[in-house]
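Visitor: Whatever this is, show me its structure:
(chains A, B and C)
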Amino acid sequence: MNPYVPVAFAILIAIVFSLVFVGLSYYFGPRRPTKTKTAVYECGMPPVGTTRQRFSVKFYMVAVLFLLFDLEAVFLYPWATQYSTLLDSFPGTFVLGEMAVFLGVLFIGWFYCLKRGAFQWD
Amino acid sequence: MTTTAGLAAGPGLHAWLLLAAVLFCIGIYGVLSRRNLVAILCSVELMANAVNINLVAFSRFHGDLLGQAFALFSVALTVAEVGIGLAIVILVYRARKGIDVDELDLLRG
Amino acid sequence: MFDPGELNFIGPEIAVFVFALLVLVHDVMFKQRNATISMGVSLMGLATAAVLNLLNMQAVDVPREAFAGAMAVDGFGFFLNFIVLLAAAGALLISHDFLRRIDVDVPEFNPLVLFVAFGMMLMGSANDLILLFISLEVMSLGVYVLCGINRGELASAEAALKYFVMGAFASGFLLMGIAFVYGGIGSTRISAVAQWFAIEGNGIAGNPLIGVGVALLLVGFGFKVAAAPFHMWTPDVYQGAPTPVTAFMATGVKAAAFAALSRVLLVALLGQNLEFHTALWLIAAGTILMGNIGALVQDDLKRMLAYSSIGHAGYLLMALVGAPAAGLADNPRLGGILFYLLAYTVMTVGAFAVLSFFTRDGVEDTRISRLGGLADRHPAVALALSICLLSLAGVPPTMGFVGKFYLFAAAIEGGAIGIAVVGAIGGAIGIYYYLRPIVVMYMHPEPADRVELAMNPAALGVLGVATVAVLVFGLVPGSLIEVAQDSLLSLAAWGGV
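Guide: Numbering: from 1, shown residues only, chains lettered A, B, ... in the order given. This is a model prediction of the structure:
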């Protein structure tokens, strides 16, 4: 028998059971809606405003800048783990210097963001 | 060609290629059919990630690290691309108060 | 083992990059940036790169690899570097006064142009598909931003958005193509693909992975060089982007993308072109016809030049259809590709320099009817624009004519008579629509609500140099053609055939 057949059964059972129970409670359950009951659940507090509230574009700037600078770690990590191996094939300061160039360019990018006011919250 | 021993334990190469192809096609469909710009951006991202799956699968198949190294570069480039894409979407949103592509018809002819 | 001497080979790229960083730091350092200093330093960077490139060109006689094979150091790359540097310098000079007029004062413009040029230059000499993709993205990401640099203008934002969506879509295809080529042969080196094909029994037919990869690569490049049927974004984007950016896109981006495509087709796939010859033939024919027929009905000169730039991509593809399977030395006329890329850059930058004069209250107005009476008011500008347009149409004795002659010769010598006939039809249509603005300039009266042309020394200088170059190299193309042919033949060093 195909090893995936039990998985298929599990999925099938999950679907059937969830449909059955939702259907049962829908059929038998009493429905007496009040204003409080139909309101959006917001930790017991009365809801304020709509869920589609606008938020400042500053959040977007922070998110994108975080993403960009965070992702540079992708290049740092393999370099750091393989540093000693790299030294075997490239003795001297070359391996260190290469990362210094990379970080230098990154630093200029950071300096640009700073001067353009991307890090200012107000 | 090169060794396939590493793949013996899991699903074969073809399974990964199939997964990548399906994801890639979902991405293409999304770019072509969605009207919301953010959804289009997500679809582009899906296409790029399909390629990464392909690259890593081929890398394992060939038994070298070239594909995985490329996947790292590809991830970084995609993030930069999405960052710029979002900036452009916000630019358009501010100018038009909407991000439905069907409404962008200033330039045509 | 890494040899620090190899850094010389990317000297021009390093120069452009370092100067871009310098300009960036300068531009954001002070509250009130000095636009003239920023422009001067940017141009100095381009000049330094040109000198270094010239030195490299003289120092390297035999094509060689650098950086463990990631980069090909050959005449093809050097020639493209010159084209890119010219395009960037032209765009910067045109932009200087133009940006002030449309009220765009951002510190990012000059550094972005330099970063984009950096990506373009690397693209021309990438021997590794990974390097090719990264440099292509460096170029594209910069150009997306440049398109939308005029933040107050909706057309600019819309152009940026369309270009971004199409560009990111195309990058996805290109990336998938590279992944499949890697899967097929286990390497991403362009020369390694050629060597793999050279082995007896290896071919597209026996390896579906590489077949799919090549097809996806063609689609991706098709978007980037605006070949039919992937050209639909071009007119919108070219029209919406600010004129200097459009000039840069039409020349630099096209040249770099075409150079990368040529390298893939002429090095990696030269012996295999029978397999996808029909596809390339159809793409070339469609591109020529779509571009030229679309240009016929345009009332806006900028949009017309956008359509015609599609047509010009078609002529270049036409020459590639004639690439000989037996080896590049069989068809030296292919050097016309590089010559034409240079000629197209020069004459297009000239035409866009004139277009940049047409602004009204900070908004571009480039309808052909605005050209009325230009010959009476500014006879020299009208004459220069006429020469650039005639060169684009391929009328002798201009650079455009010589280039087009070599492209047709390459196609015919390669046995692609059919596509040459399509090209001739496209050329005939081209003469008609390129003559229209000239007729308006010389025959039509001035529009009633005329605005004074915003002429400025920098853009006039670009126009003058372009016009003189178009005429000089049209009359005595000899040595330049030879350099172009030698540069293209340097690709033969990589082939496995």
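Visitor: and residue C:449, that one's in a helix?
Guide: No - judged by DSSP: H, G, I helix; E, B strand; the rest coil, residue C:449 forms no part of a helix; its state is coil.
Visitor: Quick check on it: phi, psi?
Guide: Torsion angles at residue C:449 (phi, psi; degrees, to the nearest 10) stand at phi -100, psi 60.
Visitor: Show the pLDDT at it.
Guide: Per-residue pLDDT puts residue C:449 at 77.
Visitor: roughly how far apart are it and chain A?
Guide: Distance, residue C:449 to chain A, using C-beta to the nearest C-beta, to the nearest Å: 39 Å. Using the backbone N, CA and C atoms, a C-beta is placed for each residue, glycine as well.
Visitor: Count the residues that sit near that residue.
Guide: 7 (other C-beta atoms under 10 Å in any protein chain shown).
Visitor: interface residues of chain A facing chain C?
Guide: Proximity of chain A to chain C, by C-beta under 8 Å from any C-beta of the partner chain, involves residues A:89, A:90, A:94, A:105, A:108, A:111, A:112, A:115, A:116.
Visitor: Without its sequence neighbours, what residue ends up closest to the fourth one?
Guide: Yep, that's residue A:105 we're talking about. Nearest residue to residue A:105 in three dimensions, chain neighbours excluded: residue C:21, at 7.1 Å (C-beta to C-beta, 6 or more residues apart in numbering or on different chains).
Visitor: Wait, a helix at that neighbour?
Guide: Yes - assigned with three-state DSSP, residue C:21 falls within a helix.
Visitor: Show the contacting residues for residue B:45.
Guide: Residue B:45 makes contacts with B:27, B:78, B:82, as judged by C-beta atoms under 8 Å, 6 or more residues apart in numbering or on different chains.
Visitor: picking that back up, give me the buried entries from the residues of chain A next to chain C.
Guide: Taking 16 or more other C-beta atoms under 10 Å in any protein chain shown as the criterion, what is buried in these is A:108, A:112, A:115.
Visitor: and the residue nearest to residue A:105, how far is that from residue A:37?
Guide: Per C-beta to C-beta, to the nearest Å, residue C:21 is found 62 Å from residue A:37.
Visitor: Quick check: the residue of chain A nearest chain B.
Guide: Closest residue of chain A to chain B, C-beta to the nearest C-beta: residue A:64 (4.5 Å).
Visitor: Would you mind confirming that that residue makes contact with residue B:83?
Guide: Yes - using C-beta atoms under 8 Å, residue A:64 is in contact with residue B:83, at 4.5 Å.
Visitor: what's the closest residue to residue C:407 other than its chain neighbours in contact with, if anything?
Guide: Residue nearest to residue C:407 in three dimensions, not counting chain neighbours: residue C:319, with 4.4 Å by C-beta to C-beta, 6+ apart. Shown in contact with residue C:319 (C-beta under 8 Å, 6+ apart): C:333, C:334, C:336, C:337, C:340, C:406, C:407, C:410, C:411.
Visitor: what residues does chain A put near chain B?
Guide: So far as C-beta under 8 Å from any C-beta goes, chain A lies against chain B at A:57, A:60, A:64, A:67, A:68, A:71, A:72, A:74, A:75, A:78.
Visitor: residues contacting the third one?
Guide: To tie it back to what came earlier, the one meant is residue A:64. Residues near residue A:64 by C-beta under 8 Å, 6+ apart: B:83, B:86, B:87.
Visitor: Check residue C:225 too.
Guide: Residue C:225 is in contact with C:254, C:257, C:258, C:261, C:313, C:316, C:317, counting by C-beta under 8 Å, 6+ apart.
Visitor: What are the phi and psi values at it?
Guide: The phi/psi pair for residue C:225 (degrees, to the nearest 10) is phi -90, psi 0.
Visitor: Now do it against residue C:347, distance only.
Guide: Distance check for residue C:225 against residue C:347: by C-beta to C-beta, it reads 18 Å.
Visitor: How about residue C:367?
Guide: Remark: distance between residue C:367 and residue C:347 (C-beta to C-beta) = 21 Å.
Visitor: Please say which of those two ends up with more neighbours.
Guide: When neighbours are counted by other C-beta under 10 Å, residue C:367 and residue C:347 differ, and residue C:347 comes out ahead with 28 against 17.
Visitor: Isn't the more buried one up against residue C:466?
Guide: Yes - using C-beta under 8 Å, residue C:347 makes contact with residue C:466 at a distance of 6.5 Å.
Visitor: Need the overlap of contacts for those two.
Guide: Shared contacts of residue C:347 and residue C:466 (C-beta under 8 Å, 6+ apart): residue C:388.
Visitor: quick one on the thing from earlier: narrow the contacts of residue B:45 to those in helices?
Guide: Counting by DSSP state H, the contacts of residue B:45 place B:27, B:78, B:82 in helices.
Visitor: and of those residues, the nearest to residue C:237?
Guide: Set against residue C:237, the nearest of the ones in helices among the contacts of residue B:45 by C-beta to C-beta is residue B:82 (19.6 Å).
Visitor: Which residues are in contact with the closest one?
Guide: B:41, B:44, B:45.
Visitor: before we move on, the earlier item: for the contacts of residue C:225, give me TSV that also has distance to chain A.
Guide: Listed next are these as TSV, based on distance: C-beta to the nearest C-beta, whole Å:
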residue	distance to chain A
C:254	28
C:257	25
C:258	29
C:261	29
C:313	33
C:316	34
C:317	37
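Visitor: any idea which of those has the most stuff around it?
Guide: In terms of neighbours by other C-beta under 10 Å, those top out with residue C:317 at 30 neighbours.
Visitor: Which ones among the contacts of residue A:64 also lie next to chain A?
Guide: B:83, B:86, B:87.
Visitor: Closest to chain C out of those?
Guide: Relative to chain C, the closest of those is residue B:87; by C-beta to the nearest C-beta it sits at 7.8 Å.
Visitor: Next one: that closest one from residue C:260, what distance?
Guide: Residue B:87 sits 26 Å away from residue C:260, going by C-beta to C-beta.
Visitor: neighbour count winner among those two?
Guide: Between residue B:87 and residue C:260, residue C:260 has the larger neighbour count (other C-beta under 10 Å), namely 29 against 19.
Visitor: Wait, the more buried one touches residue C:131, no?
Guide: No - using C-beta under 8 Å, residue C:260 is not in contact with residue C:131, being 10.3 Å away.
Visitor: Specify the local secondary structure of residue C:325.
Guide: What three-state DSSP gives for residue C:325 is coil.
Visitor: May I have the phi/psi pair for it?
Guide: Backbone torsions for residue C:325, taken as degrees, to the nearest 10, come to phi -70, psi -20.
Visitor: what number of residues lie near it?
Guide: Residue C:325 is flanked by 14 other residues according to other C-beta under 10 Å.
Visitor: how about the residues of chain B near chain A?
Guide: B:69, B:72, B:75, B:76, B:79, B:80, B:83, B:86, B:87, B:90.
Visitor: ok, and the closest non-adjacent residue to the fifth one?
Guide: What that stands for is residue B:79. Once flanking residues are discounted, residue B:79 sits nearest to residue A:71: 5.1 Å by C-beta to C-beta, 6+ apart.
Visitor: Please say which of residue C:21 and residue A:37 ends up with more neighbours.
Guide: Between residue C:21 and residue A:37, residue C:21 has the larger neighbour count (other C-beta under 10 Å), namely 19 against 8.
Visitor: do you know how far the residue nearest to residue A:105 is from residue B:65?
Guide: Counting by C-beta to C-beta, the gap from residue C:21 to residue B:65 is 31 Å.
Visitor: Identify the residues contacting the residue of chain B found nearest chain A.
Guide: Across chain B, the shortest distance to chain A (C-beta to the nearest C-beta) belongs to residue B:83, at 4.5 Å. Contact partners of residue B:83, counting by C-beta under 8 Å, 6+ apart, are A:64, A:67, A:68.
Visitor: where along the stretch 1-150 of chain C do the strands fall?
Guide: Secondary structure of the stretch 1-150 of chain C (DSSP state E, counting those that start in this stretch): strands at C:64-66, C:71-73.
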